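Asks: Next input, structure requested:
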Amino acid sequence: MATLNTLYYGDNLDIMREHIGAESVDLVYLDPPFNSKRAYNLLFKSPKGHQSEAQITAFEDTWHWAEQAEREFDDLLHQPNTDVAEMMKAFRSFLGENDVMAYLTMMAGRLLELRRVLKPTGSLYLHCDPTASHYLKVVLDGVFGVQGFRNEIVWKRIHTVKGNFGQGSKFFGPNTDSIFFYARSEQQKFNPAFTDYRPEYIDQFFHHTEPDGRRYRLISMIGPGGASKGNPHYEFMGVTKYWRYSEKKMHELHDQGMIVQTKPGAVPQRKQYLDQGKGAAVQSLWTDIESASGGESLGYPTQKPLALLERIIRASSDEGDVVLDPFCGCGTAVHAAQKLKRRWIGIDITCLAIGLIEKRLKSAFGKECEFKVEGTPKDLESARDLAARDKYQFQWWAVTLVDAQPFQGKKKGADTGIDGLKFFHDLQTKDAMKIVISVKGGGLKADDVRALNHVREREKAEFGFLISLAEPTAKMRADAASAGIYTSGAGQKYQRVQMLTIEGLLTGTERGEHPDYVPDVNYKRAKREKRHKEGELFEGPQPTGP
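Replies: Next up, the predicted model:
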């Protein structure tokens, strides 16, 4: 069983099978990537005066039919849910072996695992765009059964759209996403959501006013369903009906001044005061939540707004429940779960994303947010293992050990001599200055230090850090020392080229030395969440509804 709260680095299929027990999760939210032909950048910014080369491709949102897809497809044919097996065979016959089929194969296996980990009272929300939503709906029907379907929520993600008609487009501009809402069983939890009434709605319906200024509307007291629903039948104020309330209750309401008969013989109605109502019930069209922007935006193109996740989490879980996001990306779901006092599990396939979510949670909640991180290296041996399995993930992880940004140019076949960038302010200057970082996951060569110093000079950087798995030789350390000294405005002296080992950084015996480091020079920081008293809900301003 997973340790809560936990961030996992790795393939979510493996993580769920190995670490998350059956019927242990209350709510799943997932926003899986698809073949949108876009590459997504993560959570970085460049100080004024520097270009945006510090961005890096977090993942390429493209799937291809290959050995892994074939293997996962075979697994689907031999798992117990025969409806899913038959459905996937039909899809393959129709679609063939292409990118869409690879994506659906990947999703089907993971959705089966997500259903397994859900409690009988649990729900799943799958967020997607029109690219593959029609196929995903069929996959969900196969996994949960058509009886598990609750809603297709349509979220208006863009409110101000610049149309493409000037460029000759022959379609309507897309500005909505779909969120498929499924339940594991009829026992599902559900807490209805409400929004404030719109002013025009209030004027139209709450047009009665008490002498003290309280506004109210009149609502029916007739029992829905009549006798078939067991409603009592009697005469009240000269009108005989099947009523919603008992005769005793009706007289009590009348004595309290809560019943109005507009004219003799008219059906009596009950007062409903505006200040006592819950508001307008949220339906399946969500137009009241704006996309993540302004201070909330962390620079991640697919980032979802906290308000969206808060609505979903409140609707289908209670405080203390477990929320799982198996594609946690920039961490909005786990952020919202933490804010709303839920326990949570987040999984992502890049250790870079895991490291950045760590920073987001610490920025937003500080020491109040306790969690574990599993799968990223904790010691020299696990660091060696990551370097052997995936050198790019290793490089991205290693630069975060010195709070640096992975460099955009790290794509297979390209080598600029830079694996990471870091910016700092000297105490005596307003300008942000640069540090270049090189990571070595294998053995060190005699000229590695000289090569880094050359890159430092070429990039006009004040410092160069060389991070290595191997222990540098005395000659290499001497070469680093010969690269010169930087003297800060405060008179402190720092070696321009510094040798740092993975082991030393992990144990805290080594650190990159430079002047006055300002943390938000390198990362877009999450807004600090306000502290709340025990038992107080984390409620923000309610959006206006119908």
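
Asks: And the helix ranked longest in the chain, how far out from the chain middle?
Replies: Identified as the longest helix of the chain according to DSSP state H is helix 99-117. On the basis of Cα atoms, centre = their mean, to the nearest Å, helix 99-117 sits 19 Å off its chain's mean C-alpha point.

Asks: in it, what counts as buried?
Replies: 99-117 (16 or more other Cβ atoms under 10 Å). Glycine gets a C-beta too; all of them are placed from N, C-alpha and C.

Asks: residue contacts, Gly238?
Replies: By Cβ atoms under 8 Å, 6 or more residues apart in numbering, the residues touching Gly238 are 264-265.

Asks: Same question for the one 5 residues further on.
Replies: Under the criterion of Cβ under 8 Å, 6+ apart, the neighbours of Trp243 are 221-223, 231-234, 236, 250.

Asks: ok, and the most crowded of those?
Replies: The most crowded member of the contacts of Trp243, judged by other Cβ atoms under 10 Å, is Met250 (21 neighbours).

Asks: for Trp397, helix, strand, or coil?
Replies: Three-state call for Trp397 (DSSP: H, G, I helix; E, B strand; the rest coil): helix.

Asks: tell me, how many neighbours does it end up with?
Replies: By other Cβ under 10 Å, the residues close to Trp397 number 24.

Asks: from memory it sits against Val373, does it?
Replies: No: applying Cβ atoms under 8 Å as the test, Trp397 and Val373 come out as separate, 11.1 Å apart.

Asks: just the strands in the stretch 301-450 of the chain please.
Replies: Counting by DSSP state E, counting those that start in this stretch, residue ranges of the strands within the stretch 301-450 of the chain are 322-325, 343-348, 372-374, 405-406, 420-425, 432-440.

Asks: Which residues does stretch 176-188 contact?
Replies: Stretch 176-188 is contacted from outside by 115, 118-130, 133, 136-137, 140, 144, 148-157, 312, 316, using Cβ under 8 Å, 6+ apart.

Asks: Buried ones in it, by neighbour count?
Replies: 177-184, 188.

Asks: How far away from the center of its chain is that stretch?
Replies: How far stretch 176-188 lies from its chain's middle: 17 Å, per Cα atoms, centre = their mean.

Asks: same thing with stretch 96-104?
Replies: Centroid displacement of stretch 96-104 relative to its chain, using Cα atoms, centre = their mean, is 25 Å.

Asks: quick one: average confidence on it?
Replies: The pLDDT scores in stretch 96-104 average 91.

Asks: how many other residues sit next to Glu459?
Replies: When neighbours are counted by other Cβ under 10 Å, Glu459 registers 17.

Asks: Tell me which residues touch it, please.
Replies: Counting by Cβ under 8 Å, 6+ apart, Glu459 touches 418, 434, 436.

Asks: How is this structure partitioned into domains?
Replies: The chain breaks down into these domains under automatic domain parsing: 6-162+169-192+302-374, 195-280, 380-521.

Asks: May I see the ones you listed arranged in TSV, with distance to Asp288 as well?
Replies: Listed next are those as TSV, based on distance: least, Cβ to Cβ, whole Å:
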stretch	distance to Asp288
domain 6-162+169-192+302-374	8
domain 195-280	6
domain 380-521	31
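
Asks: quick one, which of those is nearest to Arg528?
Replies: The minimum distance between Arg528 and the domains of the chain falls on domain 6-162+169-192+302-374, with 6.1 Å, by Cβ to Cβ.

Asks: how far does that closest one sit from the chain's center?
Replies: Distance of domain 6-162+169-192+302-374 from its chain centroid, counting by Cα atoms, centre = their mean, is 8 Å.

Asks: ok now do the spatially closest residue to Gly331 that is not a sequence neighbour, which residues does it touch?
Replies: Distance criterion Cβ to Cβ, 6 or more residues apart in numbering; nearest residue to Gly331, sequence neighbours excluded, is Ile357 at 3.6 Å. Applying Cβ under 8 Å, 6+ apart to Ile357 gives the contacts 7, 328, 330-331, 334, 346, 348.

Asks: again, but for Val154
Replies: So Val154 contacts 176-179, 284-286 (Cβ under 8 Å, 6+ apart).

Asks: Assign a three-state SS to it, would you?
Replies: The three-state label given to Val154 by three-state DSSP is strand.

Asks: Among the contacts of Val154, which one lies nearest to Leu401?
Replies: Within the contacts of Val154, the smallest distance to Leu401 is 36.0 Å, found for Asp177 (Cβ to Cβ).

Asks: in the sheet, who's paired with the closest one?
Replies: Bridge pairing for Asp177 (DSSP bridges) gives the partners Trp155.

Asks: give me the low-pLDDT residue ranges for this structure?
Replies: For the chain, applying pLDDT under 70 flags the ranges 1-3, 34-62, 160-167, 294, 299-301, 408-415, 428-430, 516-525, 531-546.

Asks: Could you check how far the residue nearest the centre of it is from Leu308?
Replies: In the chain, the residue lying closest to the centroid (Cα atoms, centre = their mean) is Thr332, at 3.2 Å. Distance of Thr332 to Leu308, computed by Cβ to Cβ, to the nearest Å: 8 Å.

Asks: so what's Leu124 closest to, chain neighbours aside?
Replies: Closest residue in space to Leu124, ignoring its immediate chain neighbours: Val28 at 4.3 Å, by Cβ to Cβ, 6+ apart.

Asks: Reduced to three states, what does the one you found come out as?
Replies: Applying three-state DSSP: Val28 is strand.

Asks: Please name the residues that touch it.
Replies: When contacts are counted by Cβ under 8 Å, 6+ apart, Val28 touches 114, 117-118, 122-125, 323-326.

Asks: and the residues you listed as CSV, adding distance to His78?
Replies: Converted to CSV, the contacts of Val28 look like this (distance: Cβ to Cβ, whole Å):
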residue, distance to His78
Leu114, 19
Val117, 20
Leu118, 22
Gly122, 26
Ser123, 28
Leu124, 23
Tyr125, 29
Val323, 31
Leu324, 25
Asp325, 28
Pro326, 22
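
Asks: Among these, which one has the most neighbours?
Replies: In terms of neighbours by other Cβ under 10 Å, the contacts of Val28 top out with Leu324 at 29 neighbours.

Asks: wouldn't that one be in contact with His19 here?
Replies: No: judged on Cβ under 8 Å, Leu324 makes no contact with His19 at a distance of 11.0 Å.

Asks: any shared contact partners between those two?
Replies: Residues touching both Leu324 and His19 by Cβ under 8 Å, 6+ apart: none at all.

Asks: nearest spatial neighbour of Ala481, skipping sequence neighbours?
Replies: Gln495 (6.3 Å).

Asks: burial of the one you found, as a residue count?
Replies: Residues near Gln495, counting by other Cβ under 10 Å, number 18.
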